[in-house]
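J.: next one to model:
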Amino acid sequence: ITNSKKLVNNTIGVPNNIFKKINDLKNEPNMVLAMYSSGKYKGVDDLIKAFKIAKKKNPKLNFNLFGKEKKPRWIPDWITYNYKLKEKDLVVLMNMSGIFVSSSIIEGFGLPAAEASLCGCAIATTDSGGNRDYAIHNKTALVSKVNDPKTLASNIL
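T.: Take a look at the predicted model:
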């Protein structure tokens, strides 16, 4: 799967002066990152299910979430939670992550996955609609149906 950096840069106006590859940082293939939001349309229940499946099959994976809300108690302790990151720190985290996961049920666009792609992350995402501008299955991303944590986990792996 090729990185969708060229597609994202040229067609959809993601701020590539901010979200970009930092040469001193290496994307770690076992580091998985996703955004947390309590909005039901974000599909976080499916995300955590996918993380659990992937962790069981590959215990070497490290899972990280970031969000503007405090970490809910039901999120497992083995998932690192990054609360209220500054934009520059999010860019560093994306540059260190090998995989970015989006589990949304519906999106107008899905900006975090596009930003993560510019930072060098491989993308595993659900077909949430708006991300079709940049998430092309088996070309720029691995795309699963919404509400399918098993396939999302397989795409993470």
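J.: next SSE after the lengthiest helix in the chain?
T.: Criterion DSSP state H: the longest helix present in the chain is helix 44-57. Moving toward the C-terminus from helix 44-57, the next helix or strand (DSSP states H and E) is strand 62-67.
J.: tell me which helix or strand comes right after the lowest-mean-pLDDT helix or strand in the chain.
T.: In the chain, the helix or strand scored least confidently by mean pLDDT, DSSP states H and E is helix 5-11, which has a mean of 49. Downstream of helix 5-11, the first helix or strand assigned by DSSP H and E is strand 28-35.
J.: could you report the separation of A153 from Y41?
T.: Relative to Y41, A153 is positioned 20 Å away (Cβ to Cβ, to the nearest Å). Glycine gets a C-beta too; all of them are placed from N, C-alpha and C.
J.: ok, these two, which is more surrounded?
T.: The neighbour count for A153 versus Y41, taken as other Cβ atoms under 10 Å, is higher for A153 (24 against 12).
J.: now do the contacts for that one.
T.: Residues in contact with A153 (Cβ atoms under 8 Å, 6 or more residues apart in numbering) are 49-54, 57.
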